[in-house]
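[1] coords please:
(one chain, ligands or ions: 1)
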Amino acid sequence: MTQDTSVDEIQSQALGALGAIDDIRKLDEWRVAYLGRSGRLTSVLRGLGALPPEARREVGQRANMVKSVLEKALEEKEEVLRQAELQRSIEGGKLDITLPGRRPNRGRLHPTTQVVREICDAFVAMGFQIVEGPEVEWDYYNFEALNIPKDHPARDMWDTIWIDPPSESEKPMLLRTHTSPMQIRVMEKTQPPVRVVVPGKVYRYEATDATHESQFYQVEGLAVDTNITFAELKGTLYEFARRIFGTERKVRFRCDYFPFVEPGVEMAIDCFACGGRGCRICSNSGWIEIMGAGMVHPEVLRHVNYDPEIYTGFAFGLGPERIAMLKYGIDDIRLFYSNDLRFLYQF
Ligand code: DAH
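    Numbering: from 1, shown residues only. All right, here's what the predicted structure looks like:
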């Protein structure tokens, strides 16, 4: 019974001591003294083994009850002191609860990404699939299979960043200069009908200025099937232009040369800013060139074992940054990639 009394004594002493504490920082001292590993209650529990069995049970139960009483009391006291401290600091003016919280910055999509998606959406609505391909490419896909043989002067159209230049390797490697190599990769893997758009980054060995970057985006398009004519090319690209630049747009096709199409064209829209009268955006011509296109060259079809007597197709390639520059009146392509948030947050 003496042990039991001492357990009750410990409880009343502990609660008395706890009641006297008025500083939250002193609570831990109290916890160590009564509930800690060498605290008073713990010693009682440790000493249980030395008691006769009946006493052991009773004292043990009592001690455990006291333990939970003390733990609960500690918790409550802590809450009381915390509230009191908060109240004090509010009254003392240290904490201004009327100060609005800091708004976290919201991220958003890069303008190029937004335009790439808009372009792809327009073609997806017309039944095209989106595919992507490698940025490090073989000479074969970037040039050779696209009807641009080694040493052909047409290669000068693409200032190339070589990884493994032609002279040193049988299979030269490069950073793709356009997304057109994906035409070949898609056709190698599938049989017609093919309808794909290919968004992605391309690279040029080029000095940077207001209209040139050494890294930029392209969206390639390819449709191959039986009975595809220039009329399908025109219809598809016309619909695209109207979706992106407004339903009242007119389009103009003029002959152009790209080795992988025949005939090749450059497509322009009438200037959406001045309606064709002539202004700064269209350099007073009334027209804005927005992409290259053409009917897939039979030589290209032969490279992927498509029979050009059975299948025909059209292809096109456009630059999303250029589209964005036109749409939003941006006059320097370098703005897209200089990480200036004042620019980027406008989109
Ligand atoms: N690949 C060309 C370039 O980077 C753009 C292009 C023109 C793609 C005509 C085409 C096309 O598919 O038919 O300059």
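
[2] contact partners for the most centrally placed residue in the chain?
    The residue lying closest to the centre of the chain (Cα atoms, centre = their mean) is Leu109, at 7.4 Å. With contacts defined as Cβ atoms under 8 Å, 6 or more residues apart in numbering, the neighbours of Leu109 are Arg117, Phe347. Just so you know, the C-beta spots here come from the backbone N, C-alpha and C atoms, and that holds for glycine as well.

[3] quick check, it in a strand?
    No. Applying DSSP: H, G, I helix; E, B strand; the rest coil, one finds Leu109 to be coil, outside a strand.

[4] mind checking how far it is from Val115?
    Distance of Leu109 to Val115, computed by Cβ to Cβ, to the nearest Å: 10 Å.

[5] for the protein, what lies in contact range of the ligand?
    Contact residues (Cβ under 6 Å from any ligand atom) of the chain with the ligand: His178, Ser180, Glu220, Phe258, Val261, Gly292, Ala293, Gly294, Ala315, Phe316, Gly317.

[6] give me phi/psi at the closest residue to Gly39 other than its chain neighbours?
    Among residues not flanking Gly39 along the chain, Ala33 sits closest, at 5.6 Å (Cβ to Cβ, 6 or more residues apart in numbering). Note on Ala33: backbone dihedrals following degrees, to the nearest 10 are phi -60, psi -40.

[7] identify each buried residue in the host helix or strand of Glu299, please.
    Using DSSP states H and E, Glu299 falls within helix 298-303. Using 16 or more other Cβ atoms under 10 Å as the test for burial, helix 298-303 gives Pro298, Val300, Leu301, His303.

[8] pLDDT wise, what is the second one at?
    This points to Val300. With respect to pLDDT, Val300 has a value of 98.

[9] which one is it nearest to, not counting chain neighbours?
    Per Cβ to Cβ, 6+ apart, closest to Val300 is Phe260, 5.1 Å.

[10] now stretch 47-60, how far from the centre of its chain.
    67 Å (Cα atoms, centre = their mean, to the nearest Å).

[11] in the protein, which spans are strands?
    129-130, 136-138, 162-164, 173-175, 194-203, 215-225, 251-256, 261-270, 287-296, 312-318 (DSSP state E).

[12] can I get these in CSV with mean neighbour count?
    Formatted as CSV, the strands of the chain follow (neighbours: other Cβ atoms under 10 Å):
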stretch, mean neighbour count
strand 129-130, 14
strand 136-138, 18
strand 162-164, 15
strand 173-175, 20
strand 194-203, 21
strand 215-225, 22
strand 251-256, 14
strand 261-270, 20
strand 287-296, 22
strand 312-318, 24
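
[13] fine by me, thanks again.
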